Every structure is written in C-alpha cells, then in structure tokens.
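# Got a predicted model here, sequence first, then my questions.
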Amino acid sequence: MKAAEEVGWARMARFGLMTLAMIPYRVALVPPLRAGWLRLLGARVGRRVVMHDVRFFNLYRRGLSGLVIGEELRSQHLHRLCDPIVIIGTPSLTRRYELALQLLDVRARAVGSEATWSGSWAIAKAIAG
C-alpha cells in the first residue's frame with residue numbers, strides 16, 4: 001500500500017489499462033492488425049508501416065496518442081528541398097529512413113553516427129577559440 005500511495009492511484013490505474021490494452025497487440029500475429037489496433041488506441045501510424053514485434057516503454061505516461069510511427073516524413077513538405085537530406089544514425093535506422101525517403105522521391109544521404117561526434121568536436125573547438 002505504501003508503494004501505491006507513493007506512485008499514485010491514477011498512475012497505477014493508467015499503467016494497468018495500458019497493460020491490458022497491449023494484450024490484443026501481442027496476440028495479433030500480422031503487422032496490419034497490429035497497426036490497426038494502435039490506430040484504434042489513438043496512435044498515428046502511417047499507411048505503409050509494417051509493425052513487427054515492438055515494445056513500448058513508459059506507455060502509461062502519455063498513452064498511445066503521443067505515439068507517431070511513419071508519419072513524420074509524410075507530413076513534411078520534403079519534395080520542395082533542393083539539397084539531399086542528411087540522415088545521421090545507426091546503419092540500420094538510416095537505411096530505413098533512406099528507403100522511406102525513396103518512396104517519397106526525396107534525395108537523402110546517410111552518414112554514420114560518428115558525424116555527431118565530429119560536429120560536437122568542431123563546435124567545442126570553435127567555442128574554445
């Protein structure tokens with residue numbers, strides 16, 4: 001009971017509801033059913049998204065209404081850009097973004113996550129003088 005009082009009954013109830021809401025997601029064996037279930041719960045999921053086994057952490061904090069999957073590219077006006085988009089991240093993630101941008105006919109160039117360190121180092125050198 002002390003833990004319940006410390007965390008709060010509302011948070012505990014929300015956690016329980018989100019845990020129950022994810023049971024049909026786990027039972028759905030095909031990606032279209034998973035994506036459809038998430039849409040029913042308020043998540044914004046893109047039309048061509050393929051949902052494999054994804055785990056959601058801290059779902060009870062915002063719920064699925066704060067979840068956006070595959071919509072961040074479609075909702076932008078990227079076709080107006082003249083220069084290619086630079087994607088920074090892990091190889092598997094940048095490859096997925098490259099493929100998604102190809103579907104939208106947007107040029108993209110991926111660089112490794114080491115670009116973040118190089119950029120940070122250049123900023124630090126500029127600040128130090």
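Received, thanks.

# quick one: low-confidence parts of the protein?
Along the chain, segments meeting pLDDT under 70 span 57-58, 60-62, 65-72, 74-75, 79.

# how about the helices of it, start to end?
Applying DSSP state H to the chain gives helices spanning 2-7, 9-21, 23-27, 31-40, 59-62, 91-103, 114-128.

# per-domain residue ranges of this structure.
Structural domains annotated on the chain: 2-69, 78-128, as defined by automatic domain parsing.

# Now render those as a markdown table, adding mean neighbour count.
Every C-beta, even on glycine, is put in place using the N, C-alpha and C of the backbone. Converted to a markdown table, these look like this (neighbours: other Cβ atoms under 10 Å):
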| stretch | mean neighbour count |
| --- | --- |
| domain 2-69 | 13 |
| domain 78-128 | 12 |
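
# will you turn the helices of the chain into a markdown table that also has distance to residue 76?
As requested, the helices of the chain are exported to a markdown table (distance: least, Cβ to Cβ, whole Å):
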| stretch | distance to residue 76 |
| --- | --- |
| helix 2-7 | 38 |
| helix 9-21 | 29 |
| helix 23-27 | 27 |
| helix 31-40 | 20 |
| helix 59-62 | 22 |
| helix 91-103 | 10 |
| helix 114-128 | 21 |
